[in-house]
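Participant: Prediction below, plus the sequence it came from.
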There are 2 protein chains.
Amino acid sequence: MPRHKGDHDARRRDVSAAVWRVLAAHGFGGLTLRAVATEMGATTGLLTHYFPSKKDLVAHALTLLDEHRAAQPRPTGAEGLAALRAALLDILPSTPQAAADNRIWVGSWDAALADPELAAGHAARYARSRERIRDHVREAQRLGELPPSDPDDVAASAQSFVLGLIVQALFSAEEFPPERQVRLLDGHLAALATAAEGP
Amino acid sequence: MPRHKGDHDARRRDVSAAVWRVLAAHGFGGLTLRAVATEMGATTGLLTHYFPSKKDLVAHALTLLDEHRAAQPRPTGAEGLAALRAALLDILPSTPQAAADNRIWVGSWDAALADPELAAGHAARYARSRERIRDHVREAQRLGELPPSDPDDVAASAQSFVLGLIVQALFSAEEFPPERQVRLLDGHLAALATAAEGP
DNA sequence: TGTTTTGCATAACAGGTGTTGTGGGAACGT
DNA sequence: ACGTTCCCACAACACCTGTTATGCAAAACA
């Protein structure tokens, strides 16, 4: 019998980490079982031992990548607008690690848009992200830091801004250094704070 | 000898259109020569007759898609903020055709981020788009419709916003109907108009 | 009308893909 | 010390990929 379930899962995590590395370097177009195997100095036999098919492999890798981001060090203590700012900040590709993660996400969009199952997963993920943002917006509105616009619209707007900024930063990193990313985000937040409501 | 050069180029356009259809339906991951061939009721022999390799095929198709968008009906007459709004509006996936185009572009990001040559092309494209937006911003500032913030930052911000909105609209079309896209964009523009300058 | 050129279907090719056994050696339980 | 179980390298598989070669009908030209 298996010694411990933890060993099995830990090994699966190792495999997923190798998948991340291959994805960050060569994208989904260059993701092959052999590439992942040689990346971790193993053979495809190991992969098939832990994952029944390639689909399951990438699904697990993406899930783990998502949890990996969600489990990041929470800058506790912040509230309202500051919390919103912090939440948006740690999505941006300011560090090489965050840039690699985002590069994987952006790369996953092609496959996701072609597969309804993956697309549903992504849609749910982004909807959840918007909800988190919306809660921060509501709190900021309650504190009087933001005008009482529709929180869902503000959240969708902020999420759009961050996603698009990620894309542009990935394609021309020299034009969008971390400092400019922060400056642009602060500009967006400032615009939200001083904007008047709609009709 | 060839009857006319137009025939040859017209056929290449037909092939590229078939490539678009396959890309919009199955993404770059599902783009194969056989799929394109059957899409237009032909065989791979036709494709290789007009394009030396698959790389050239997709490159030509993307170039044509880009020109196709650039050659859209220009809503002449608008100036300043209205022109900026119009320019941003016709990027959004408000029509099925625009949604398909955007779906192709989003799908191309994975391959582009893996290939430096393609990445440079995309970076140049988005830089050029930002320049166009920046010019509109400058004009709007001259007309007093926008505060005198850094035009490059405003352009980058607007481009980010639109790109991110495209992504979200592609993944959950029902949550982002055209009317909401317009509303969100107008909200963003209104925020820009009432925002104060930075330090 | 005879000749040449073009347009493209057909087929074959070499290489890479995900997947499926098979086997042996190490780790474990007894 | 023995038997069992697990882990995974190795190899083979059927399939699909882009590319190349061949051949033939139709059109263009003389």
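Facilitator: Good, I have the coordinates.

Participant: now the lengthiest helix in chain A, how far from the chain's geometric center?
Facilitator: Using DSSP state H, we find that the single longest helix of chain A is helix A:116-142. Distance of helix A:116-142 from the chain centroid (Cα atoms, centre = their mean, to the nearest Å) equals 12 Å.

Participant: any idea of the mean pLDDT in that helix?
Facilitator: The average pLDDT within helix A:116-142 is 96.

Participant: Run a quick neighbour tally on A:Gly77.
Facilitator: If you count neighbours by other Cβ atoms under 10 Å in any protein chain shown, A:Gly77 ends up with 8. In short, each C-beta sits where N, CA and C put it, glycine included.

Participant: can you tell me the helix or strand for it?
Facilitator: For A:Gly77, there is no enclosing helix or strand under DSSP states H and E.

Participant: Distance-wise, check it relative to B:Lys54.
Facilitator: Distance from A:Gly77 to B:Lys54, counting by Cβ to Cβ, to the nearest Å: 54 Å.

Participant: go on, A:Val36?
Facilitator: Separation of A:Val36 from B:Lys54 (Cβ to Cβ): 24 Å.

Participant: ditto for A:Asp66
Facilitator: 33 Å.

Participant: quick one: low-confidence parts of chain A?
Facilitator: Applying pLDDT under 70 to chain A flags residues A:1-6, A:73-75, A:195-199.

Participant: Show me which residues of it sit near DNA strand C.
Facilitator: A:1, A:3, A:31-35, A:44-45, A:48, A:52-55 (Cβ under 7 Å from any atom of the strand).

Participant: quick revisit: who has more neighbours out of A:Val36 and B:Lys54?
Facilitator: A:Val36 (25 against 15).

Participant: who touches that one in this structure?
Facilitator: By Cβ atoms under 8 Å, 6 or more residues apart in numbering or on different chains, the residues touching A:Val36 are A:15, A:18-19, A:22, A:47, A:57.

Participant: so which of those is the most crowded?
Facilitator: Ranking the contacts of A:Val36 using other Cβ under 10 Å puts A:Val19 first, with 27 neighbours.

Participant: How about it, nearest residue that isn't a chain neighbour?
Facilitator: Leaving aside its chain neighbours, A:Val19 sits nearest to A:Ala61 (4.1 Å; criterion: Cβ to Cβ, 6 or more residues apart in numbering or on different chains).

Participant: contacting residues for the one you found?
Facilitator: A:Ala61 neighbours (Cβ under 8 Å, 6+ apart): A:15-16, A:19-20, A:23.

Participant: which SS class is A:Gln72?
Facilitator: Three-state call for A:Gln72 (DSSP: H, G, I helix; E, B strand; the rest coil): coil.

Participant: tally of neighbours for it?
Facilitator: Neighbour number of A:Gln72 under other Cβ under 10 Å is 9.

Participant: burial measure for the nearest residue in space to it that is not next to it in sequence, as a count.
Facilitator: Counting by Cβ to Cβ, 6+ apart, the nearest residue to A:Gln72 once its immediate chain neighbours are dropped is A:Asp90, at 6.2 Å. Neighbour count of A:Asp90, defined by other Cβ under 10 Å: 15.

Participant: before we move on, what about A:Ala155?
Facilitator: By the criterion of other Cβ under 10 Å, A:Ala155 has 21 neighbours.

Participant: now the helix or strand hosting it against helix A:116-142, angle please.
Facilitator: Element membership of A:Ala155, judged by DSSP H and E, is helix A:151-171. Between helix A:151-171 and helix A:116-142, the angle comes out at 120 degrees (axes from the mean of the first three to the mean of the last three Cα atoms, to 10 degrees).

Participant: Mind giving me the packing neighbours of the next helix or strand after helix A:151-171?
Facilitator: Going down the chain from helix A:151-171, the next helix or strand is helix A:178-194, by DSSP H and E. Counting contacts by 3 or more Cβ pairs under 8 Å, 6 or more residues apart in numbering or on different chains; DSSP states H and E, helix A:178-194 packs against helix A:80-89, helix A:151-171, helix B:151-171, helix B:178-194.

Participant: what's A:Leu46 sitting at in phi/psi?
Facilitator: Note on A:Leu46: backbone dihedrals following degrees, to the nearest 10 are phi -60, psi -50.

Participant: contacting residues around the residue nearest to it when sequence neighbours are not counted?
Facilitator: Nearest non-adjacent residue to A:Leu46, counting by Cβ to Cβ, 6+ apart: A:Ala37, 6.7 Å away. By Cβ under 8 Å, 6+ apart, the contact set of A:Ala37 is A:43-44, A:46-47.
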